[in-house]
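Enquirer: I'd like to go over a predicted model; first the sequence, then the structure.
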Amino acid sequence: MQTTIKHPVRFTGVGLHSGKAVDMLVRPAQAGTGVVFYRKDLGQTAVPATWDRVQISPLNTRIVGDNGASVSTIEHLMAALAGLGIHNVAVDIDGPEVPILDGSAAPFVHALHAAGVRRLDAALRLIKVLAPVEVEMGLSRARLSPAEGFEISFDIDFADAAIGRQHRALDLANGAFVRELSDSRTFCRNADVIEMRKSGLALGGTLENAVVVEGDRVLTPGGLRHDDEPVRHKMLDALGDLFTAGAPILGRYEGKRAGHAMTNLLLRKLFSTEGAWCAVECDAVLAARLPGVGVRWQDLPAVA
């Protein structure tokens, strides 16, 4: 059954790349809406958060509407919605970028969970992966293959000793996203921050909303929330990016040095490959295998 939230939720903060103040209101929506952003500063211009609206970018997920209006850095909010099993919301925003908050999905998870989830009188359609699809770009690879539920496996490899090689695999059923991934923050190398700022990016990034590393040192006060926080955040991003499919996915996602662009290319290949997927109606058995089912208040991380 499709869902929405019971009450509107407001978020305020700054955009990671623009550094500009952002006011955002997530409000209930009727069945079949999906996730749609409305640019208030552009006269409530609608920008649907779907894979075919994604403009390829290595740094974040950016969606573009029919008239060129865009919203970027949607992945953490999308991950929170997917992880809580919330399928329909309208998002009013007064700028081009979702607020970064603490750099993870935890603040979104806390507030949306507190607002409550309401069931809607409409069947939920799932995207069932029937055959493996894969995309590669240099050393990066992303793959979707059949599975009974929804699983993510990820590998990263960075020269900086503070990150290094990391691997994690997770079945996202029974609130696993909320417990295991939602509080993991975006991360970057200090040298990359310097270069991005020279290009007018990462203007809202601070040591309070990102894990910044330099060699074997973690510069962010308090260090890591998890020993493998970077790979967990990559999994968080993948969940958010995959939710632009327009429905929950039954399948296994594998990422190796993958990012936002690779995941979107993978969705494009999935939907353009005959026989690679089908739509199935969600029943109680399938619902129990999805993110969002089984989330308890005690599962929510204490950092938000």
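Expert: Received the coordinates, thanks. Residues are numbered from 1 along each chain as shown.

Enquirer: what is Arg10 paired to in the beta sheet?
Expert: Leu25 (DSSP bridges).

Enquirer: how much space between Cys282 and Arg125?
Expert: In this view, Cys282 and Arg125 are 7 Å apart by C-beta to C-beta, to the nearest Å. Any C-beta I mention is one placed from the backbone N, CA and C, and that applies to glycine too.

Enquirer: cool, Gly95 as well?
Expert: 32 Å.

Enquirer: same thing with Val285?
Expert: In terms of C-beta to C-beta, Val285 sits 16 Å off from Arg125.

Enquirer: between these two, who's got more neighbours?
Expert: Using other C-beta atoms under 10 Å as the criterion, Val285 and Arg125 rank with Arg125 on top: 16 against 8.

Enquirer: Was I right to think the more buried one contacts Cys278?
Expert: No. The criterion here is C-beta atoms under 8 Å, and Arg125 misses it with Cys278 at 10.2 Å.

Enquirer: Please report the number of neighbouring residues for Leu181.
Expert: Taking other C-beta under 10 Å as the criterion, the count of residues near Leu181 is 31.

Enquirer: And the pLDDT at it?
Expert: What the model reports for Leu181 is a pLDDT of 97.

Enquirer: who's in contact with it?
Expert: Going by C-beta atoms under 8 Å, 6 or more residues apart in numbering, Leu181 touches Ala79, Gly83, Ala105, Leu170, Arg232, His233, Met235, Leu236, Leu239.

Enquirer: wait, doesn't the second one sit right on Leu172?
Expert: Put plainly, it is Gly83. Yes. Judged on C-beta under 8 Å, Gly83 makes contact with Leu172 at a distance of 7.5 Å.

Enquirer: Mind checking which residue lies nearest the centre of the chain?
Expert: Gly240 (2.1 Å; C-alpha atoms, centre = their mean).

Enquirer: Looking at Gly83 and Leu172 now, which is surrounded by more residues?
Expert: Of the pair Gly83 and Leu172, Gly83 is the one with more neighbours under other C-beta under 10 Å, namely 30 against 25.

Enquirer: which SS state does the more buried one fall under?
Expert: helix (DSSP: H, G, I helix; E, B strand; the rest coil).

Enquirer: lowest confidence element among the helices and strands of the chain?
Expert: helix 190-198 (a mean of 75; mean pLDDT, DSSP states H and E).

Enquirer: what residues are shared contacts of Gly83 and Leu172?
Expert: Shared contacts of Gly83 and Leu172 (C-beta under 8 Å, 6+ apart): Leu239, Pro291.

Enquirer: could you measure Ala46 against Arg27, distance?
Expert: For Ala46, the distance to Arg27 - C-beta to C-beta - is 14 Å.

Enquirer: And for Leu265?
Expert: Distance from Leu265 to Arg27, by C-beta to C-beta: 32 Å.

Enquirer: swap in Ser184?
Expert: For Ser184, the distance to Arg27 (C-beta to C-beta) stands at 27 Å.

Enquirer: neighbour-wise, which of these two wins?
Expert: Neighbour tally, Ser184 and Arg27, criterion other C-beta under 10 Å: the higher count belongs to Ser184, 27 against 16.

Enquirer: Assess the claim that the more buried one and Asp237 are in contact.
Expert: No. The criterion here is C-beta under 8 Å, and Ser184 misses it with Asp237 at 9.5 Å.

Enquirer: burial of Phe158, as a residue count?
Expert: 15.

Enquirer: Not counting its neighbours along the chain, what's nearest it?
Expert: Among residues not flanking Phe158 along the chain, Gly164 sits closest, at 6.3 Å (C-beta to C-beta, 6 or more residues apart in numbering).

Enquirer: ok, the one you found touching Val213?
Expert: No. Using C-beta under 8 Å, Gly164 makes no contact with Val213, being 10.2 Å away.

Enquirer: residue contacts, Asp92?
Expert: By C-beta under 8 Å, 6+ apart, the contact list for Asp92 reads Met24, Leu25, Arg27, Tyr38, Lys40, Gln44.

Enquirer: Find the nearest non-adjacent residue to it, please.
Expert: Asp92 sits nearest to Leu25 (C-beta to C-beta, 6+ apart), 4.4 Å away.
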